[in-house]
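> return a 3D structure for these sequence lines:
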Amino acid sequence: MSVKSSSVISDVNQVAMDWARDHAAERIGTKWYDGEKGTGPSEKWAISESTRNRLRGVITEAFSRETSIKELAQRIREAGGFSEERAKLIADTEANMAMSHGNVAAWKKTGVVKSIKWLKSSLHNVPDECDLNADGGAVLLGQAFPSGDEAPPAHPGCRCVVAIAELNEPKKRSDY
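Numbers count the residues shown, from 1 in each chain. Sure, this is the predicted structure:
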């Protein structure tokens with residue numbers, strides 16, 4: 001059996017889009033974006049719920065068609081009045097989050113994946129929770145990594161990815 005990469009990418013993008021529709025922009029304006037782990041509000045980076053909702057729409061829409069990070073950052077900037085630098089950080093982080101969590105959701109749906117592993121980005125150059133996650137080895141699909149995250153990103157600007165570590169044993173067919 002062969003799988004066309006275009007259908008896999010399309011399916012994963014749909015799952016990423018679904019995840020973004022339900023979760024995008026949840027952490028923007030929280031301590032998570034202020035350099036502290038946690039999801040409480042941050043006075044420094046606070047945004048209104050209407051801005052959060054606009055951002056969720058922009059991020060979700062980006063997964064409905066091919067959208068570059070540069071284009072997404074520009075739309076985020078327009079939707080929320082963010083600086084160019086902050087819009088780029090949000091675009092990078094939110095796209096990574098939707099893709100990583102979309103992959104995890106797709107793997108859960110198939111029932112084929114047993115465990116996953118955290119892979120640090122080649123751009124990773126500062127010790128942080130990503131090191132713990134990568135060094136901790138594989139975790140069962142659906143379990144959290146040492147940082148408490150189920151998938152990357154562990155912090156704003158994180159470019160780590162999640163990968164399949166082990167597949168479940170195929171189910172035996174008794175109807176042969």
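
> where does the chain have low pLDDT?
1-12, 33-42, 173-176 (pLDDT under 70).

> please repeat the previous calculation with a cut-off of 50.
Applying pLDDT under 50 to the predicted model, the residue ranges of the chain that meet it are 1-9.

> do a quick rundown of the strands in it.
Shown for the chain, the strands assigned by DSSP state E span residues 113-119, 139-140, 161-167.

> the shortest one - contacts with which helices or strands?
Spelled out, it's strand 139-140. Here strand 139-140 touches strand 113-119, going by 3 or more CB pairs under 8 Å, 6 or more residues apart in numbering; DSSP states H and E. Every residue, glycine included, has its C-beta placed from N, CA and C.

> Glu94 is nearest to which of the strands of the chain?
With respect to Glu94, and counting by CB to CB, the nearest of the strands of the chain is strand 161-167 at 15.0 Å.

> measure Gly29 to Asp92 for me?
Relative to Asp92, Gly29 is positioned 17 Å away (CB to CB, to the nearest Å).

> the more surrounded of the two?
When Gly29 and Asp92 are compared on other CB atoms under 10 Å, the one with more neighbours turns out to be Gly29, at 22 against 18.

> of all the strands of the chain, which lies closest to Asp128?
Of all the strands of the chain, it is strand 113-119 that lies closest to Asp128, at 11.9 Å by CB to CB.

> what pairs with the closest one, and is each one parallel or antiparallel?
Strand 113-119 has the following strand partners under DSSP bridges: strand 139-140 (antiparallel), strand 161-167 (antiparallel).

> of those strands, which is nearest Ser121?
Comparing the strands paired with strand 113-119 against Ser121 with CB to CB, the closest turns out to be strand 161-167 (7.3 Å).

> just give me the longest helix of this protein.
Taking residue count as the measure and DSSP state H as the definition, the longest helix of the chain comes out as helix 84-110.

> relative to His23, how far out is the most centrally placed residue in the chain?
Within the chain, one residue has its C-alpha closest to the average C-alpha position: by CA atoms, centre = their mean, that is Met97, at 1.4 Å. According to CB to CB, Met97 and His23 sit 8 Å apart.

> check Ile69 too.
Distance, Ile69 to His23, by CB to CB: 19 Å.

> Glu43 too?
In this view, Glu43 and His23 are 23 Å apart by CB to CB.

> between those two, which has more neighbouring residues?
With neighbours defined as other CB under 10 Å, Glu43 and His23 compare such that His23 has more, 16 against 8.

> what's the closest non-adjacent residue to that one?
In space, and not counting its chain neighbours, His23 is closest to His101: 7.1 Å by CB to CB, 6 or more residues apart in numbering.
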